[in-house]
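[1] Got a sequence here, can you build the structure:
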Amino acid sequence: MRIQILATLAPMALTVAACGGTNADDAAPASASPSASASSAATTPATDPTTTAPVSPPPDLSSVAVHPACAKTWVAGVTLPEQYTGCDWRGEASGDEYATLCIDGTQLWALEGDGGSDEFFALPGQKVQAAKGTAYNKAFARCTG
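    Sure thing, here's the model as predicted:
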């Protein structure tokens, strides 16, 4: 009797194994569809918790020029710093400052006001002067030769 049951069950087991499942997901493995794999990989970034981004040191700001406040720089009688490179308008009413390269290599700095006329001028290391009358024109003529 035992041999008869085994002989009956063995062909049934082979038939079930050969047929496989009837589910569509079972019919083709996920790796058989390259587009499904590629789109899945493209939308899900791989993360490895053991890797970290390199940490760079903060930038050295010691060589960055610190500009003085414009409201404290462009005042008649104040000395324009020797190494002047401009002022900082943050939080203040602005104007346009510009430098003219003089024939001796220095720069004549001027501050143009809202009305389009020069309000102040100075050479680095010298006193800021109001640009009234002919004072600025004379300084500009000496500067440019």
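[2] helices and strands of this structure: which one bottoms out on pLDDT?
    Of all helical and strand segments in the chain, the minimum by mean pLDDT, DSSP states H and E falls on helix 2-19, at a mean of 47.
[3] need the contact list for the closest residue to Thr79 other than its chain neighbours.
    Residue nearest to Thr79 in three dimensions, not counting chain neighbours: Lys127, with 5.7 Å by C-beta to C-beta, 6 or more residues apart in numbering. Bear in mind the C-beta positions are built from the backbone N, C-alpha and C, glycine included. Contacts for Lys127 were tallied using C-beta atoms under 8 Å, 6 or more residues apart in numbering; they are Ala76, Gly77, Val78, Thr79, Leu80.
[4] Export the residues you listed as JSON lines, with columns for distance to Pro68 and secondary structure.
    Output for those, formatted as JSON lines (distance: C-beta to C-beta, whole Å; DSSP: H, G, I helix; E, B strand; the rest coil):
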{"residue": "Ala76", "distance to Pro68": "16", "secondary structure": "coil"}
{"residue": "Gly77", "distance to Pro68": "15", "secondary structure": "coil"}
{"residue": "Val78", "distance to Pro68": "10", "secondary structure": "coil"}
{"residue": "Thr79", "distance to Pro68": "11", "secondary structure": "strand"}
{"residue": "Leu80", "distance to Pro68": "9", "secondary structure": "coil"}
